[in-house]
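Chemist: The amino acid sequence is not available; the structure is as follows:
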C-alpha cells in the first residue's frame, strides 16, 4: 500500500508539469505485452530495445542472463530505463526456464521472434492475447529451449537479400505494430489504478534528489506532527 501522506509530501518536490507528464504517460502504459531479452551481450542493442519499450508504452522488460550480463548504456537508453521495470534472471541454474515459468504464471503466452521457422507474419499476429516477445542473442537468435517451449513464433516479412534485422530494429518494428493495433481493440490493456499509483510513486522517487533522506525526514518529523 502506498502511504498517501508520503506521496503527497514527495509530490511537493516536483512541478505540476512533471506530474501531468507522469499521468499522461501512465495512461498509455501496458503490461499486456512484455519484452524478453535472452543473453543480449551488446549494451547498445539492449539499450535501444529498452528505449523502444518506453517509447511504445511497454512497461516490463525481462533480461535472461545465462552467459552475458544485460547492460544498459545510458547514452543509448537516454534515461528510459528509469521508467521501466527491468526483471533480471541471473542466478545459477536455468534462467531461461525460470523466466518462462514466471511469465506463464502472470498469464503470458511466450512468442519467440525468429525469421527461420514457419512463424506468424507480424501483420497476422493476434494482439488481443497477453504476450511476452522473446528476442535472442545477436548472432544465434533465440535458444533451442525457447524454440521448444514457446507457444508460437513471429517474424517480420523481408524481401531483400538480407534475412535478418538487428535486434533493436526488429524490436522497434514489432512493438510499434502490436501496440498501435492493441490500442484500437476493446482489450483492457491499460495498467490498473493501483499499478499506476505504484509506478507514479516510484517515478517521483526516481526524479527528485535524495529521496531516501526525504522519506526518512517525513517519517521522523512530518508524519509525527500530524
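Modeler: It's in. This is a predicted model, so every value here is computed, not measured. Numbering: from 1, shown residues only.

Chemist: Surely residue 171 touches residue 40?
Modeler: No: Residue 171 is not in contact with residue 40 according to Cβ atoms under 8 Å; the separation is 10.3 Å. Yep, even glycine has a C-beta here, placed from its N, CA and C like the rest.

Chemist: what residues are shared contacts of those two?
Modeler: Taking Cβ atoms under 8 Å, 6 or more residues apart in numbering as the criterion, residue 171 and residue 40 both touch 49, 135.

Chemist: Please spell out which residues along stretch 140-157 are buried.
Modeler: Residues 141, 142, 143, 146, 147, 149, 150, 153, 154, 155, 156 are the ones in stretch 140-157 that count as buried (16 or more other Cβ atoms under 10 Å).

Chemist: Could you tell me the end-to-end distance of that stretch?
Modeler: Taking Cα to Cα, to the nearest Å as the measure, stretch 140-157 stretches 19 Å from start to finish.

Chemist: Any idea how far that stretch is from the middle of the chain?
Modeler: For stretch 140-157, the gap between its own C-alpha mean and the chain's C-alpha mean amounts to 19 Å (Cα atoms, centre = their mean, to the nearest Å).

Chemist: hmm, who's touching it?
Modeler: For stretch 140-157, the surrounding residues in contact (Cβ under 8 Å, 6+ apart) are 38-39, 94, 96-97, 100, 109-123, 125, 133-137, 164-165, 170, 173-174.

Chemist: Next step: the residues you listed restricted to helices.
Modeler: Assignment to helices by DSSP state H places the following of these there: 96, 97, 100, 170, 173, 174.

Chemist: on that earlier part again, got the buried residues of stretch 140-157 as a markdown table, with distance to residue 178 and pLDDT columns?
Modeler: Formatted as a markdown table, those follow (distance: Cβ to Cβ, whole Å; pLDDT from 0 to 100):
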| residue | distance to residue 178 | pLDDT |
| --- | --- | --- |
| 141 | 19 | 86 |
| 142 | 18 | 92 |
| 143 | 22 | 91 |
| 146 | 19 | 94 |
| 147 | 21 | 93 |
| 149 | 21 | 95 |
| 150 | 16 | 96 |
| 153 | 14 | 95 |
| 154 | 9 | 95 |
| 155 | 13 | 92 |
| 156 | 11 | 92 |
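
Chemist: Would you format the ones in helices among the contacts of stretch 140-157 as JSON lines with distance to residue 21, neighbour count and pLDDT included?
Modeler: JSON lines is the format used below for these (distance: Cβ to Cβ, whole Å; neighbours: other Cβ atoms under 10 Å; pLDDT from 0 to 100):
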{"residue": "96", "distance to residue 21": "36", "neighbour count": "22", "pLDDT": "92"}
{"residue": "97", "distance to residue 21": "39", "neighbour count": "13", "pLDDT": "93"}
{"residue": "100", "distance to residue 21": "35", "neighbour count": "24", "pLDDT": "97"}
{"residue": "170", "distance to residue 21": "29", "neighbour count": "22", "pLDDT": "94"}
{"residue": "173", "distance to residue 21": "27", "neighbour count": "14", "pLDDT": "97"}
{"residue": "174", "distance to residue 21": "26", "neighbour count": "24", "pLDDT": "97"}
